[in-house]
Every structure is written in C-alpha cells, then in structure tokens.
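J.: This is a predicted model, with the sequence first.
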Amino acid sequence: MAPIQVKKICCIGAGYVGGPTCAVIPHIQVTIVDLNQQRIDAWNSDELPIYEPGLDEVVKAARGKNLFFSTDVDKGIEEADLIFVSVNTPTKKSGIGAGFAADLKFLQLATRRIAEVAKSSKIVVEKSTVPCRTADAMRTILEANSKPGCHFDILSNPEFLAEGTAIEDLFAPDRVLIGSLQTQQGKDACEALTQVYANWVPRDRILTVGLWSSELSKLAANAMLAQRISSVNALSAICEATGANIDEVAYAVGKDTRMGSKFLKASVGFGGSCFQKDILNLVYLSESLHLPEVAKYWRAVVEMNEYQKSRFANKVVDTLFNTITGKKIAILGWAFKKDTGDTRESPAITLANHFLTEKARINIYDPQVSKDQIWLDLTDYGDIPAEPIKPHVTISQTVEEACHNAEAIVVCTEWDEFKTLDWQKIYDDCPRPAFVFDGRLILDRKALTEIGFKVTSIGTGDRL
Ligand SMILES: NC(=O)c1ccc[n+]([C@@H]2O[C@H](COP(=O)([O-])OP(=O)(O)OC[C@H]3O[C@@H](n4cnc5c(N)ncnc54)[C@H](O)[C@@H]3O)[C@@H](O)[C@H]2O)c1
Ligand SMILES: O=c1ccn([C@@H]2O[C@H](COP(=O)(O)OP(=O)(O)O[C@H]3O[C@H](CO)[C@@H](O)[C@H](O)[C@H]3O)[C@@H](O)[C@H]2O)c(=O)[nH]1
C-alpha cells in the first residue's frame, strides 16, 4: 500500500501548545480551530494571544499562506486528514479523583466532535498531555459515533516544548515522540506523522514507540524534571542552615556527566500549568493501579514545592521582624518563569496571597502580565471577592514605581531586566533597613549588600 501522505492538518485547541506547534509546520496547510472566538480573533490580529519570543515572526510569515485560525471547528475537522487534539487537560476540581486526576472533558468533547463530523478516515493525534491509556477511551468514542466507512487511527504525540523557549524547542527539538498501536495500520499512521515532522526534524530525533509508552513518557519526563527542582530546592534549605551555597552545590553536582547541569536552579518553587498537574496525574494513576508507595514518592515532589514556597514566604515575614502588617512589599515578576506572560500556578500568586493574609500592602510589577490577568489570579478567577483586597494591592507599570517606599523587594520571576536595574537608585527610594529577597538567585548579592540592602537569597547561608 502507498504511504499515507498528509495534505491537510487541523489542530483543535489554539492555546500555548496548539498555536506555536502548528505555526512551525512548513508547506502543509494547517488550520487551528478553537471554540474561543476572542482567542481566534487575537491569533488573526497583530496582538497574538500569547507572548513567546520569536512567535510573532513565525505566525506572521505563515498566516494566510499555509496557516489559518478559525472558530469553524467542523469545517477544520472535515477537511483534514490528520487532526491534532491540543485542548486543555486541567486537574479535576470535583468528583472522583478531584485534585489529582486529569479532567478529560475537553478532550472527550473534541473527540466526539471529530466522530460526529468526519465523513472520511482520519489520523487523530493526542497532543494534549493525558493519562496512560487515554487513547483507548478516544478509540471507543470514535468507533461508537463514526459514520460507516470512516476509520480512525489514533497516535500519541506528546509535546515537550517549554514556555519562553517554545519556538527554539519546536524548530530543534531534543526528540519528537510518536506512539502508535503496533499493528500495520498503526505503523502506517505513525509513518505519515513521521513524514510531517521529517520536513524539519532529523529522522534520528523522531522516536516511535508503543501508544502506552508514549503517553506515560510525557508524564514521566515532567515528573523527573520537577523532581530535579524539588531535589535542589530541598538542598537549598540545608544550604541556608549550614552556610553552603546552592549555586555552588548545583554546579558541583551538575558537572557529573551522568547528571548534567541543566534544571538545577534553586528557586522559590516551580510553577506553570504542567508540572504540578502532571505529577498529580501520575499520583492518581499510581493509586488507581494500587501502587501506594509509588504514589507517595511522586506526591512528595509536589509537597516539597509547596514547602519551598511557604518557607520563602515565612522567611520574608521572619526577616521583617515577624510582622509585615501594613508594610509595603514589592513583588518583582508575576509570570511563572521569564519570557512568558503565562501565570498559571505561578509561585508569585502563592506569595502574594501569603503576604495579603499577613495584611501587607503589595506592589506588583511584571513586564508581560496584564493588570487584568493579575486581578484574575488574585481573585482566583472571581471566586474571591476583589473589594477587600483592593486597598492592599497596587499594580505598577515600572520596577521603580513598584519599589518606591517598599520595605521589602521580593524577586519572584527571573526576568533578565531585574539583573541590570539601577539598584542604588532603588535603595535611595526605600526606607531603612531595606530588604531584598532573591527567590531566583539572579541578583548580585555582594553588590547589593555593598549598596546597603539586607539581602536574603534562596539557598545561601549567612555564615561565611
Ligand atoms: N503549555 C505548555 O507549555 C504545554 C506544553 C506541553 C504540553 N502541554 C499540554 O498541552 C495541552 C494544551 O495545553 P495549553 O497550555 O495549550 O492549553 P490552553 O488552555 O492554552 O489551550 C487549550 C485550548 O483548547 C480550547 N478548547 C478546549 N476544548 C475545545 C473543544 N472541544 N473544541 C475546540 N477548542 C477547544 C480552549 O478554548 C483553549 O483555547 C494540555 O494537555 C497541556 O498539559 C502544555
Ligand atoms: O532549574 C530550574 C528550571 C525550572 N524551574 C521552574 O520550573 C517551572 C517550569 O519551568 P519549565 O520547565 O522551564 O517551563 P514549562 O513551560 O512549564 O515546561 C515544562 O512543562 C511543559 C509542559 O508539559 C513541558 O513540555 C516541558 O518540557 C517542561 O519543561 C518554572 O516555574 C521555572 O521557573 C526552576 O525553578 N529551576
């Protein structure tokens, strides 16, 4: 049989993954569809809905040529021979597995829509991060609702991009992973998707495995990355108590080629929409498989992250002589990491809530996050009333404005611009003693101390 050639692709879900992932596909016609009209309008405008270095150029070069954004989900499905399902899979908020399991309602709705609308056979690709064996549920939904003569091949093709470096990651990925059933038909579908990627990814970086291994590998990769951060953060507490320095320890440990130096930066805690969600998903999977020890092991990674955030927040209160009531605290950075405007699970939110509970006044600055988004985060998308906290919160347009008269400055995101601030000028504008808390280890502690700041850095003991 001649190999299947993909001529038209549809991607369901125009989010942080769907948009960038499909924007880098050359030649082949790709239509990204979403139910959210506002999001699609933004993708079709000069103000893209997400901030990602290099994304603007890539989208503007392809849009209207081989890249299209639309809310016409049905048309997108009908015309495509390969469909990426790239919808959100958040943690369940209620019902069985609440707080741990992935909520697959968006994925299931999209799958059902494909079955109902498709008039010809399709390759359906799980791009969203999903629990192991989700492809089975998708197959059941597709087969139960499909029209006669329509056949669906399901592939797993998890995405490994990190926000802030998405475009680099997509153009030169460490690997592309494709999972398929090991039947002839499954392998043919896998080859069809391989050929799409082979347009720009070297063949030896395209890994083909079984469906379940592919699904589990995504959860495993995130769990092991997050575990590294929790490990280094656990060590940062020991450093603070002993006088060791976590950057030096991480440097020494990372020189071991078996370990490598990446992903060993101590921090105020990891954030982002994926790590916590995917580890909790793995915890739930382990429990469902009656593996309580395994579940406990992975749960500890998330618990250590919670501990790190509250440890840091408590340190601010302790250092400010055990009370921050009425004190002004500048929060520098709101995004969960630099080079993104994404705030999902950002540690800055946890810290701000902690400071507000202690009745401090907070001044927030972030170069990429809008005022509206910060308010959505502070009110948990409307679940917490804004009125009582309004007098305690200011959102500033500049670092200087945020730091004016601040008794403490807390760096929550590692934005490059914070490294090169005029710290003397900021110091001159602060009451004494002036405190800085470096939650990202990006500041020159010695220089700031010489200016007169009292500096507390994660994983850095005071003892010489
Ligand atoms: N954000 C990341 O960096 C990242 C990286 C790798 C993998 N992932 C995974 O990829 C998936 C998507 O993540 P995201 O960050 O892009 O989410 P997102 O919330 O930014 O985007 C998902 C989009 O899907 C749309 N959608 C939901 N149901 C739909 C339906 N039935 N029909 C049409 N559109 C629908 C939503 O309106 C939304 O715009 C998740 O499973 C996530 O875990 C995310
Ligand atoms: O040494 C480090 C590295 C990261 N972080 C923090 O960890 C979080 C996550 O960072 P990162 O992994 O760089 O960004 P994400 O966009 O969340 O990407 C992760 O999650 C994605 C979604 O599944 C995966 O595709 C990526 O491979 C995986 O890196 C952020 O708060 C970072 O500040 C640290 O504290 N120390």
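T.: Yep, that arrived. Ligands and ions are numbered 1, 2, ... in the order given.

J.: was I right about residue 338 contacting residue 417?
T.: No - under the contact definition of C-beta atoms under 8 Å, residue 338 does not touch residue 417, with a separation of 9.2 Å. C-betas here are computed from N, CA, C, even on glycine.

J.: Mind jotting down where the strands sit in this structure?
T.: 8-12, 29-33, 67-70, 82-85, 122-126, 152-156, 176-180, 206-210, 328-332, 361-365, 393-395, 408-411, 435-438, 454-457 (DSSP state E).

J.: Show me what the shortest one is packed up against.
T.: This means strand 393-395. Taking 3 or more C-beta pairs under 8 Å, 6 or more residues apart in numbering; DSSP states H and E as the contact definition, the neighbouring helices and strands of strand 393-395 are strand 361-365, helix 371-378.

J.: ditto for the second one
T.: The contact analysis (3+ C-beta pairs under 8 Å, 6+ apart) places strand 29-33 against strand 8-12, helix 18-23, strand 67-70, helix 73-79.

J.: so which of those comes closest to residue 55?
T.: Among the helices and strands packed on strand 29-33, the nearest to residue 55 by C-beta to C-beta is helix 18-23 (5.9 Å).

J.: where's the closest one relative to the chain centroid, distance-wise?
T.: Relative to the chain's own centre, helix 18-23 is displaced by 15 Å; criterion: C-alpha atoms, centre = their mean, to the nearest Å.

J.: Do it and ligand 2 come into contact?
T.: No - judged by C-beta under 6 Å from any ligand atom, helix 18-23 and ligand 2 are separated, with a smallest distance of 10.5 Å.

J.: separation between residue 241 and residue 265?
T.: Look at residue 241 and residue 265: by C-beta to C-beta, to the nearest Å, they are 20 Å apart.

J.: Most tightly packed of the helices and strands packed on strand 393-395?
T.: Of all the helices and strands packed on strand 393-395, strand 361-365 carries the top mean neighbour count, a mean of 23, counting by mean count of other C-beta atoms under 10 Å.

J.: I would like the residues contacting that strand, please.
T.: Counting contacts by C-beta atoms under 8 Å, 6 or more residues apart in numbering, the residues outside strand 361-365 that touch it are 326-334, 348, 352, 355-356, 374, 392-399, 401-404, 406.

J.: Kindly report the same for stretch 403-415.
T.: Outside of stretch 403-415, the residues that reach it under the criterion C-beta under 8 Å, 6+ apart are 267-268, 316, 319-320, 324, 327-338, 346-348, 351, 363, 366-367, 418, 426, 429-431, 434-440, 442-443.

J.: Next, check those against the helices and list the overlap.
T.: Using DSSP state H, the members of the contacts of stretch 403-415 that fall within helices are 316, 319, 347, 348, 351, 426.

J.: so how far is residue 452 from the last one?
T.: Spatial separation of residue 426 from residue 452 under the definition C-beta to C-beta is 11 Å.

J.: Neighbour count: the two, which is higher?
T.: residue 426 (22 against 14; other C-beta atoms under 10 Å).

J.: which non-adjacent residue is nearest the more buried one?
T.: The spatial neighbour of residue 426 that comes closest, neighbours along the chain excluded (C-beta to C-beta, 6 or more residues apart in numbering), is residue 403 at 4.9 Å.

J.: Ok, residue 241 next?
T.: Sequence neighbours aside, residue 461 is the residue nearest to residue 241 in space, at 6.8 Å (criterion: C-beta to C-beta, 6+ apart).

J.: which ones are touching residue 108?
T.: For residue 108, counting by C-beta under 8 Å, 6+ apart, the contacting residues are 137, 138, 141.

J.: and of those residues, the nearest to residue 207?
T.: Comparing the contacts of residue 108 against residue 207 with C-beta to C-beta picks out residue 138 as the nearest, at 21.2 Å.

J.: Next one: the closest one relative to ligand 2, how far apart?
T.: 19 Å (C-beta to the nearest ligand atom, to the nearest Å).

J.: Kindly report the same for residue 80.
T.: For residue 80, the distance to ligand 2 (C-beta to the nearest ligand atom) stands at 24 Å.

J.: which non-adjacent residue is nearest residue 90?
T.: Using C-beta to C-beta, 6+ apart and skipping residues adjacent in sequence, the residue nearest residue 90 is residue 103, 5.3 Å away.

J.: quick one: contacts for the residue nearest the centre of the chain?
T.: Per C-alpha atoms, centre = their mean, the C-alpha nearest to the average position across the chain is that of residue 272, at 3.5 Å. Applying C-beta under 8 Å, 6+ apart, we find residue 272 in contact with 163, 336, 337, 342, 344, 345, 346.

J.: coming back round to it: now the buried members of the contacts of residue 108.
T.: The neighbour-count criterion (16 or more other C-beta atoms under 10 Å) marks 138, 141 among those as buried.

J.: Check the contacts of residue 108 against residue 300 and report the nearest one.
T.: In terms of C-beta to C-beta, no member of those lies closer to residue 300 than residue 137, at 29.2 Å.

J.: Hmm, residue 457 and residue 435 touching each other?
T.: No - judged on C-beta under 8 Å, residue 435 makes no contact with residue 457 at a distance of 11.8 Å.

J.: more neighbours, those two?
T.: residue 457 (25 against 20).

J.: Ligand 1 contacts on this structure?
T.: When proximity is defined by C-beta under 6 Å from any ligand atom, the chain lies next to ligand 1 at 12-18, 33-36, 39, 73, 86-89, 106, 109-110, 128-129, 159, 161, 163, 273-274.

J.: can you tell me if stretch 100-115 touches ligand 2.
T.: No - Stretch 100-115 lies apart from ligand 2 when judged by C-beta under 6 Å from any ligand atom; the minimum separation is 12.1 Å.

J.: Can you list the buried residues in that stretch?
T.: Buried residues in stretch 100-115, defined by neighbour count with 16+ other C-beta under 10 Å: 100-104, 106-108, 110-111, 113-115.
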